[in-house]
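Novice: please find the sequence and the predicted model below.
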Amino acid sequence: MLSANNLVILDRDGVINHDSDNYIKSLDEWVPYPSSITAIARLTRAGFTVAVATNQSGIARGYYDETTLHAMHDHLMTLVEAQGGHITHIAYCPHGPDDKCSCRKPLPGMLLNIQQLLGLESLTGSWIVGDSLRDLQAGEAVGCKTALVRTGKGVKTEQKGVGLKKTKVFDDLAQFVEWLIDS
């Protein structure tokens, strides 16, 4: 039976793949960090359930459509499965910052969606791994333990230092996974 303690929720851009201030608008622009795919597969093989929660306001801004987003996510899943891993669910928010939705991080809507989809009573004890404060705030709102990676916007987030007292900090997703499995 799935336990919240075995759930790891990942942000996408800046954690799994390179981020861009100009948005990741196509499959060609979606470039995973080489170690992230292996790290996700390693989590799966160690008995963890992996989900992704990603803000994708580029859809609302008209930079790309949901078909393009699904192509990126299908490619991600194919890469992970080729390494012996599995991503259980990818939740995304297609809304812009002014759309007043409940799913855009730092609000916890996507995480609650993952919780419901997986049939968990709560997310207390699960992990959220992100590169921005909003990722961590979304996780904290539902009882997740938080990890910041220095990839993507992570170094800037760490330098600001705001809201990071309980957060573990790692160079990248692979370092987090190694620590989690070995601890």
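Specialist: Received the coordinates, thanks. Quantities reported herein were computed from a predicted structural model and do not represent experimental measurements.

Novice: what residues does the top strand by length along the chain touch?
Specialist: Assignment by DSSP state E gives strand 49-55 as the longest strand of the chain. The contact list for strand 49-55, computed with Cβ atoms under 8 Å, 6 or more residues apart in numbering, reads 2, 6-13, 16, 40, 43-44, 73, 76, 85-93, 104-105, 110-111, 114, 118, 128, 134-135, 138. Glycine gets a C-beta too; all of them are placed from N, C-alpha and C.

Novice: which of the residues you listed fall in strands?
Specialist: Counting by DSSP E, the contacts of strand 49-55 contribute 7-10, 89-93, 128 to strands.

Novice: turn those into TSV, including pLDDT and neighbour count.
Specialist: TSV is the format used below for the ones in strands among the contacts of strand 49-55 (pLDDT from 0 to 100; neighbours: other Cβ atoms under 10 Å):
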residue	pLDDT	neighbour count
Leu7	98	23
Val8	98	24
Ile9	98	27
Leu10	98	26
His89	97	15
Ile90	98	21
Ala91	98	17
Tyr92	98	19
Cys93	98	22
Ile128	98	30
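
Novice: now the helix ranked longest in the chain: how far from the chain's centre is it?
Specialist: Counting by DSSP state H, the longest helix found in the chain is helix 66-82. On the basis of Cα atoms, centre = their mean, to the nearest Å, helix 66-82 sits 14 Å off its chain's mean C-alpha point.

Novice: just stretch 84-102 next, same as before
Specialist: 9 Å.
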